[in-house]
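Colleague: Kindly return the folded structure for what I paste below:
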Amino acid sequence: LTLTFVSQILNLMVIGWVLRSLSVFLAIALVVIFQPELRRALTELGSHPFFGSAFEKKETIEEISDTVFELGSKGFGALLAIEREISLKPSIETGVLLDSEYSKELILTIFHPKTVLHDGGAVIHNDRIVAAACIFPLTQREDLDRNLGLRHRAALGITEESDAVVVVVSEETGQISICHNGVIERNLKPDQFRT
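Modeller: Numbers count the residues shown, from 1 in each chain. All right, here's what the predicted structure looks like:
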């Protein structure tokens, strides 16, 4: 900025032209370098309280809680993304569209290890299961525990790009985790999960 100011005062046309040309490349470089941070900032512009209005109902939270803890006790791995304000359409399009009413039995069937839809995640919106077998983007963070599997990394990845709340059931341990805003809370007990 100082060089640009000096070149304009002293009427140094060549130096001014070089600085203007470099400023375009600098602007592009900043966007490329800070892309994850810019995406996250834009995502947070549309964020609202932790759960959207459809999932504030106590009965719905109870139903999801019962479902995920039963999945954990049966040793079924699961990945449930609860869509809020920001659409998960790109991830939904990678899966199988269901558009069915939420039920514990359907979720247990989807994530049964011998079913076709058990790989990937399910997307829930307004008390409906929108799609299953969806592929979520993986987080690129390198500071994570090496014991975290692909389900947990996918859960973190989708919450880094949207305001979704993602529930992960570990197939190996049966532990329940919640991811939101790029943060994971692991090994939750039923009361902690409901809170």
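
Colleague: Surely residue 146 is in a helix?
Modeller: No: under the criterion used here (DSSP: H, G, I helix; E, B strand; the rest coil), residue 146 is coil, not part of a helix.

Colleague: If you tally nearby residues, what's the number for it?
Modeller: 4 (other Cβ atoms under 10 Å). Heads up, the C-betas are built off the backbone N, CA and C, glycines and all.

Colleague: mind checking pLDDT for the nearest residue to residue 162 once chain neighbours are set aside?
Modeller: Nearest residue to residue 162, sequence neighbours excluded (Cβ to Cβ, 6 or more residues apart in numbering): residue 86, at 4.3 Å. pLDDT for residue 86: 89.

Colleague: and residue 86, what element?
Modeller: Under DSSP states H and E, no helix or strand contains residue 86.

Colleague: I'd say it and residue 164 touch.
Modeller: Yes: look at residue 86 against residue 164 with Cβ atoms under 8 Å: they come within range, at 7.2 Å.

Colleague: neighbour-wise, which of these two wins?
Modeller: Neighbour count, other Cβ under 10 Å: between residue 86 and residue 164, residue 164 has more, with 28 against 16.

Colleague: if I look at the more buried one, how far off is residue 88?
Modeller: 6 Å (Cβ to Cβ, to the nearest Å).

Colleague: Just the C-alpha atoms of the helix or strand of the chain with the lowest mean pLDDT, please, in CSV.
Modeller: When the helices and strands of the chain are compared on mean pLDDT, DSSP states H and E, helix 35-45 comes out lowest with a mean of 74. The C-alpha coordinates for helix 35-45 follow below in CSV (Å, rounded to 0.1, in the frame of the first residue of the first chain):
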residue,chain,number,x,y,z
GLN,A,35,-10.5,-21.0,1.6
PRO,A,36,-11.5,-23.2,4.6
GLU,A,37,-11.7,-20.3,6.9
LEU,A,38,-13.7,-18.2,4.4
ARG,A,39,-16.1,-21.2,3.9
ARG,A,40,-16.5,-21.6,7.6
ALA,A,41,-17.2,-17.9,8.1
LEU,A,42,-19.8,-17.8,5.4
THR,A,43,-21.4,-21.0,6.9
GLU,A,44,-21.6,-19.4,10.3
LEU,A,45,-23.5,-16.4,8.9
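
Colleague: Thanks a lot, see you next time.
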